[in-house]
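Trainee: Attaching a predicted model along with its sequence, questions to come.
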Amino acid sequence: MGNGDNVKILALLPAYNEEAHLEKVLNEVKKQITDILVVDDGSKDRTAQIARDAGVNLLSRGYNCGKGQSLKDGYNWALEHGYDAVIMLDSDGQHDPACIKDFKAKYLETRARLIIGARNYAEIPLVRRISNNIGKVLFSAAVGQSIPDNQSGYRMLDRVLMERMLHSEESGYHFEVEMIAICIAEGWKIEWVPIPTIYGDEVSKQNPFDQIFGFPKVCLKARRIIQDKRKEKCSRQM
Ligand SMILES: Nc1nc2c(ncn2[C@@H]2O[C@H](COP(=O)(O)OP(=O)(O)OP(=O)(O)O)[C@@H](O)[C@H]2O)c(=O)[nH]1
Ligand SMILES: [Mg+2]
């Protein structure tokens, strides 16, 4: 991977029923980066058509498999097409494409396997802030270190982490939480860049029931991933 200019980076946008925001988001992303892939996942609206009209790369299937599965499909595509890294961002307008340059700069400086965009939780609307703060405390306790934003989908991953994440069995939102645990288990340092907190007219696709009751399960799984890896390393040293 030579110097910074030779690094091949793909912008990866999972999209599910995002006709209201996708065109504007893609116009902004295009100002930052030339290589773009949208993964449409059985959207019932014009999402796929908007991506096609924008002239970006598109993976599209007729049924919904979840955000995590779409990200894996995107990593597969990126690996096959020889990208060194992907920057993944949401297509609902909550991630300002202008931050892409901050991810690139952080990557060139640190070569971190995982860089996460961290929001300032104080700026998140009250109801969400409460649940996100509880999640932050639970998850940080589970993985044994402070993780400022485990929910952020604005991230940059290198090839090694993309390959590793293809083995994840998570196909929904928990995929991104598990990614953090995997990096900690592998001893890969996570880097952070500050990103603005944006809430507009977008409609969340997350299932609130799954968010509340599924999260403790994800935390336990994260803890297990880290402990299992530790045991494996110890037994190798015997
Ligand atoms: N491909 C694909 N994308 C999805 C799916 N569910 C959500 N997304 C996309 O993933 C991004 C984040 O989804 P949101 O529902 O906004 O989740 P969030 O931003 O974490 O949650 P909020 O803060 O409530 O908006 C958006 O770009 C969605 O279009 C899915 O099943 N498949
Ligand atoms: Mg959103």
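Mentor: Arrived safely, thanks for sending. Numbers count the residues shown, from 1 in each chain. Ligands and ions are numbered 1, 2, ... in the order given.
Trainee: Okay, the one residue sitting closest to the centre of the chain and Phe175: tell me how far apart.
Mentor: Centre of the chain computed as the mean C-alpha position; nearest residue by Cα atoms, centre = their mean is Gly153, 3.7 Å away. For Gly153, the distance to Phe175 equals 10 Å [Cβ to Cβ, to the nearest Å]. Glycine gets a C-beta too; all of them are placed from N, C-alpha and C.
Trainee: Next, show the common contact partners of those two.
Mentor: Lys67 (Cβ atoms under 8 Å, 6 or more residues apart in numbering).
Trainee: Can you tell me which helices and strands the helix-or-strand element of the chain with minimal mean pLDDT packs against?
Mentor: Each helix and strand of the chain was given a mean pLDDT (mean pLDDT, DSSP states H and E); the minimum falls on helix 208-237 at a mean of 89. With contacts taken as 3 or more Cβ pairs under 8 Å, 6 or more residues apart in numbering; DSSP states H and E, helix 208-237 sits against helix 126-143, helix 174-186.
Trainee: so how far is Val177 from Pro148?
Mentor: 14 Å.
Trainee: who's more crowded, those two?
Mentor: Just comparing Pro148 and Val177: by other Cβ atoms under 10 Å the higher neighbour count belongs to Val177, 23 against 15.
Trainee: Can you tell me how far the residue lying closest to Asp90 once chain neighbours are set aside is from Ala112?
Mentor: Once flanking residues are discounted, Asp90 sits nearest to Gly153: 5.1 Å by Cβ to Cβ, 6 or more residues apart in numbering. Counting by Cβ to Cβ, the separation of Gly153 from Ala112 is 17 Å.
Trainee: who in this structure is up against ligand 1?
Mentor: 14-16, 18, 39, 41, 64, 66-67, 70, 90-92, 94, 151, 153, 202, 204-206 (Cβ under 6 Å from any ligand atom).
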